[in-house]
Structure formats: structure tokens, C-alpha cells
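S.K.: kindly generate the corresponding structure for this input.
(one chain, ligands or ions: 2)
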Amino acid sequence: LSILLYNKLDNADRWRAAFQEVLPDLPMVTRETMGEPGEIRYAVVWQPEPGVLGELPNLRAIFNLGAGVDGILRDASLPADIPIVRLRDAGMATQITEYALYGTLHYHRDFDRYAGFQRAADWTELPNRRAGDRPVGVMGLGVLGADVAAKLAMLGFDVSGWSRSPKTLPDVSCFHGDDGVQAFLSRCEILIVALPLTDDTRGFLDARRIAWLPDGAALVNLARGPLVVEADLLAALEGGKLRGALLDVFNEEPLPADNPLWRHPKVIVTPHIAAQTRVREGAAQIAAEIRRMEEGGAPSQTVDRSLGY
Ligand code: NAP
Ligand code: GLV
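M.R.: Ligands and ions are numbered 1, 2, ... in the order given. Have a look, this model is predicted:
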């Protein structure tokens, strides 16, 4: 019985060390060091190569070293009945909220415009708006989006949110489903995207839906690149529909050097760092689930494969 660690990021050693501390009795192996595939009972993975998980005949659960499971579900050969467990928060919500707050304040307090003025040595003062007069929207009100919405509301912004199922959150105007999306988008001067990437959400922010935003809106995408149609985003920036975009995630990562987003004057690019998984929190969360399963229980919460998140 052992755990397979499959993580192409460069922090695999830190994960191994953290798991050794919390699950000292279960050996952790890699594809290179594992013996018989039948020995693997749990797989702890980040963006595994398609096909890898299907080779493990006695696999009982797959643990994702992050929040978004799109990197697992893209594997068409994934064994059908194995539960997938993702990290929930594990230190990410605070970071995601920091990122969202940075983006909100950047546009709310006109730092994008002042940067342009500075380049022209232009000492112009713009009128300030109250946070309460600034409509900010959060797309996706899950573990991360709900934290963003709550903290923005705490700072007094006029916050709305959108999710698949109906929600009630204090001081947040909640919209849901396809019926609610136009009303939601039409009030977002700053839109923060915190959706998972699924069959339903891929390409969701296209020219048609971007057009529903108020003119001059700003976009913060801290979720997944393919949620937004890149060509439509560029066109909206060029045409002035969008005032700017703070982007952490892209169709292709690393963002290729010749992608125009790198040099676009209205775009801020960060390299998928909005939240980094905290190794100790992540290992503790996964260890608790494995212990529960070893004692005969089921994992506390699993990914709904039909929904894709
Ligand atoms: P989550 O808890 O699963 O929440 C997902 C939210 O999106 C839920 O509110 C869900 O609605 C909503 N949603 C899903 N499909 C929808 C649809 N078709 N229409 C409307 N709403 C829909 O996910 P999370 O933990 O907050 O994470 C969100 C995403 O952030 C992850 O999937 C990942 O891609 C991304 N992420 C990025 C970074 C980074 O560093 N850039 C770090 C961590 C996570 P319901 O509430 O109705 O289910
Ligand atoms: C990071 O992008 C994650 O999904 O955890």
C-alpha cells in the first residue's frame, strides 16, 4: 500500500516531506520509484499526464493538489468510479482575496489612469468615488469567490455575485444561472472571475457577454484562462469596451513570449500566482481524508464529475 505523488511542479520534495510528517506510516512514491502499480491506493496529483491514473488498478481516491480539477478531468481515460477530492481553501482563500482586492483597488482608485498620467508628467486629479458607489461583481461564489465577495462587502463596495445555484450572502446581491447572468454582468464595473473551468464555463466570457458589462469595465481573471475568449478580450480592450484587465491565468501557460497580452498597455500579467497552495495546510487536509478512508469512511467532499467541479 502506498501513495503516488505526481506533481510536475518543482516543489515535489516539499510535499513529500510534509506528507511524511502527517502520514508517517504510508510510503509515498513517484512514478519513477513505484513498484507494482497495484500497490498504489491513493494518488496525490497536480495536472497528471492523461492515462497515468488509469494504470492503477487498486486506486481508491485521487487527491488534487489545488482547487481547480480541470487538469485531472481532461483525462478521458480516468477511472469512472474513483472519487476525486480537491483542496478546499488550504490557505488559498486569503491569497485569492488579496489578489482580488489589489485589482479592485487598482481600478477603483484609478491607478491605471494615474500610471498613464505619470508617463506624461501630467499632474491631473481625478474625482474619487465612494466604495459604496462602485459596483464590483464576483463570478463564482465558491470557497474562494465567497471569501472575495465577503471581504469586498466588508470594505463597503457595492458587491454582487453570480453562481450556478441560488445563494444568500450577507451584503452581497446574489444572481445565479443563465437567467441571472446578464443582469449580473450589466452592473459589474469591476468583474472578478473565480469560476472553475468546466464544459459549461469554457469560453463563457465571450464578445456577447463582455458586451453586457458597463462600458469601461475592468476585468480581473484569477481563475482559469480559457474562461475568457482571448481574442474577444483583446478586441474589447482595443475598442475601449474594457478599461483594463488584471490577468493571472491564460489559455497557454507559461504565456508565450509573443502573446500580445504581455505588452498590452491596458493589461497586467502575473504568472498564475494569485494563490499558491500552502504545502502544510494542503498535506494536512489530504492526510485527514486518507485517514478517514483508511478507517472505512468516505471522503468528506468529492468533485461532482458531471458538473466538472
Ligand atoms: P468552488 O468552491 O468549486 O466554487 C465554484 C463556484 O463557481 C461555485 O459558486 C459554483 O456555483 C460556481 N459555478 C460553477 N459552474 C458554474 C456555472 N456553470 N455557472 C455559474 N456558476 C458556476 O471553487 P473554488 O475553490 O472557489 O475555486 C474556483 C476556481 O479558482 C478553481 O476552480 C480554480 O480554477 C481557480 N483557482 C485559481 C488559482 C490561481 O492561483 N489563479 C488558485 C486557486 C483556484 P455553485 O455555488 O452554485 O456550485
Ligand atoms: C490553482 O490554480 C488551483 O486551482 O489550485
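
S.K.: strands of the stretch 151-300 of the chain, start to end?
M.R.: 158-163, 172-176, 190-193, 217-221, 242-247, 267-269 (DSSP state E, counting those that start in this stretch).

S.K.: state the pLDDT value of Arg119.
M.R.: Model confidence at Arg119, expressed as pLDDT, equals 97.

S.K.: how close does it sit to Glu230?
M.R.: Counting by Cβ to Cβ, to the nearest Å, the gap from Arg119 to Glu230 is 26 Å. (C-beta placed from N, C-alpha, C; glycine too.)

S.K.: can you check Val52 too?
M.R.: Relative to Glu230, and taking Cβ to Cβ, Val52 is found at 29 Å.

S.K.: cool, Ala43 as well?
M.R.: Relative to Glu230, Ala43 is positioned 32 Å away (criterion: Cβ to Cβ).

S.K.: can you check Arg88 too?
M.R.: Noted for Arg88: a distance of 29 Å to Glu230, by Cβ to Cβ.

S.K.: who has more neighbours, those two?
M.R.: Glu230 (17 against 14; other Cβ atoms under 10 Å).

S.K.: mind listing what the nearest residue to that one once chain neighbours are set aside touches?
M.R.: Spatial nearest neighbour of Glu230, excluding adjacent residues (Cβ to Cβ, 6 or more residues apart in numbering): Asn251 at 5.6 Å. Applying Cβ atoms under 8 Å, 6 or more residues apart in numbering, we find Asn251 in contact with 225-226, 230.

S.K.: and the residues you listed as a markdown table, adding distance to ligand 2 and pLDDT?
M.R.: Converted to a markdown table, the contacts of Asn251 look like this (distance: Cβ to the nearest ligand atom, whole Å; pLDDT from 0 to 100):
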| residue | distance to ligand 2 | pLDDT |
| --- | --- | --- |
| Gly225 | 11 | 98 |
| Pro226 | 13 | 98 |
| Glu230 | 18 | 98 |
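
S.K.: what's the closest of those residues to Arg263?
M.R.: Glu230 (14.4 Å; Cβ to Cβ).

S.K.: quick check: the closest one touching Pro256?
M.R.: No: when contacts are counted by Cβ atoms under 8 Å, Glu230 is not listed as touching Pro256 (11.5 Å).

S.K.: ligand 2 versus the closest residue to ligand 1 within the chain, what's the distance?
M.R.: Residue of the chain nearest ligand 1, by Cβ to the nearest ligand atom: Gly142 (1.6 Å). Noted for Gly142: a distance of 11 Å to ligand 2, by Cβ to the nearest ligand atom, to the nearest Å.

S.K.: now do the same contact list for that residue.
M.R.: Going by Cβ under 8 Å, 6+ apart, Gly142 touches 163, 194, 196, 309.

S.K.: highest neighbour count among these?
M.R.: Highest neighbour count within the contacts of Gly142: Ala194, with 30 neighbours (other Cβ under 10 Å).

S.K.: what's in contact with the helix or strand hosting Phe19?
M.R.: Per DSSP states H and E: Phe19 is located in helix 12-22. Residues from elsewhere that reach helix 12-22, judged by Cβ under 8 Å, 6+ apart: 3, 5, 7, 26, 28, 30, 44, 65, 279-280, 282-284, 286-287.

S.K.: with stretch 253-272 instead?
M.R.: Against stretch 253-272 from outside (Cβ under 8 Å, 6+ apart): 99, 106, 112, 225, 230, 234, 237, 242-250, 252.

S.K.: can you tell me which of those residues are buried?
M.R.: With burial judged by 16 or more other Cβ atoms under 10 Å, the buried subset of the contacts of stretch 253-272 is 99, 106, 112, 225, 230, 234, 237, 242-250.

S.K.: which among these gets closest to ligand 2?
M.R.: Nearest to ligand 2, judged by Cβ to the nearest ligand atom, of the buried ones among the contacts of stretch 253-272 is Val249 at 7.2 Å.

S.K.: who is the spatially closest residue to Val181 that is not a sequence neighbour paired with across the strands?
M.R.: Closest residue to Val181 apart from its sequence neighbours, by Cβ to Cβ, 6+ apart: Trp162 at 6.3 Å. Taking DSSP bridges as the rule, Trp162 bridges to Met139, Phe175.
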